[in-house]
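Enquirer: Return a 3D structure for these sequence lines:
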Amino acid sequence: MFVLALAGLACTGLVHAKSESDSTIRAALALSELPAEGQQTYRLIHQGGPFPYEKDGTVFGNRERQLPRQARGYYREYTVKTPGARDRGARRIVCGGEVPKQPDACYYTADHYASFRVIVQTKN
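Expert: Numbers count the residues shown, from 1 in each chain. Okay, here's the model as predicted:
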């Protein structure tokens, strides 16, 4: 089992709550486990775009309080295309950090912010 320090949290397959507002445990998700569209979105985030949706890169307010508390503007959201969807669908990647191209941590949601899994890169 790999151990990875990510956003100040020790990760051994699970990311534990950082505060009382972040009371859920999110299973880690390897980058290779993301759907192909999610992997593409993740690459675009680290390249700085260009992004296919106008809302990509806008501030994510974390109103659901599913992610660790941070100052407004820390998190940004990006659409993960859903094949067959007529709109943006429910899948997103939300990344946090001061520099959008170099996020401290990224999270995947397939259910429009109801739950998140932290994305980790495994070493080969």
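Enquirer: Now do the SS call for the residue nearest the centre of the chain.
Expert: Compute the mean C-alpha point of the chain, and by C-alpha atoms, centre = their mean the closest residue is Tyr107, 1.9 Å away. Each residue gets one of three states, and Tyr107 gets strand by DSSP: H, G, I helix; E, B strand; the rest coil.
Enquirer: For it, give the beta-bridge partners.
Expert: Under the criterion DSSP bridges, Tyr107 forms beta bridges with Val94, Val118.
Enquirer: Confirm for me that it is in contact with Glu64.
Expert: No. Taking C-beta atoms under 8 Å as the definition, Tyr107 is not a contact partner of Glu64, at 11.6 Å. Glycine gets a C-beta too; all of them are placed from N, C-alpha and C.
Enquirer: which ones are touching Leu44?
Expert: For Leu44, the contacting residues are 50-51, 78, by C-beta atoms under 8 Å, 6 or more residues apart in numbering.
Enquirer: meant to ask about Tyr74, not that
Expert: Contacts were defined as C-beta under 8 Å, 6+ apart; by that measure Tyr74 touches 96-98.
Enquirer: Please pick the buried ones from those.
Expert: Neighbour counting over the contacts of Tyr74 (16 or more other C-beta atoms under 10 Å) leaves 96-97 as the buried ones.
Enquirer: May I see the contacts of Tyr74 organised as a markdown table, with secondary structure and pLDDT added?
Expert: Shown next, in a markdown table, are the contacts of Tyr74 (DSSP: H, G, I helix; E, B strand; the rest coil; pLDDT from 0 to 100):
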| residue | secondary structure | pLDDT |
| --- | --- | --- |
| Gly96 | strand | 97 |
| Gly97 | coil | 97 |
| Glu98 | coil | 95 |
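Enquirer: Redo the contacts of Tyr74 as JSON lines? Include distance to Thr41.
Expert: Conversion of the contacts of Tyr74 to JSON lines gives the following (distance: C-beta to C-beta, whole Å):
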{"residue": "Gly96", "distance to Thr41": "15"}
{"residue": "Gly97", "distance to Thr41": "16"}
{"residue": "Glu98", "distance to Thr41": "20"}
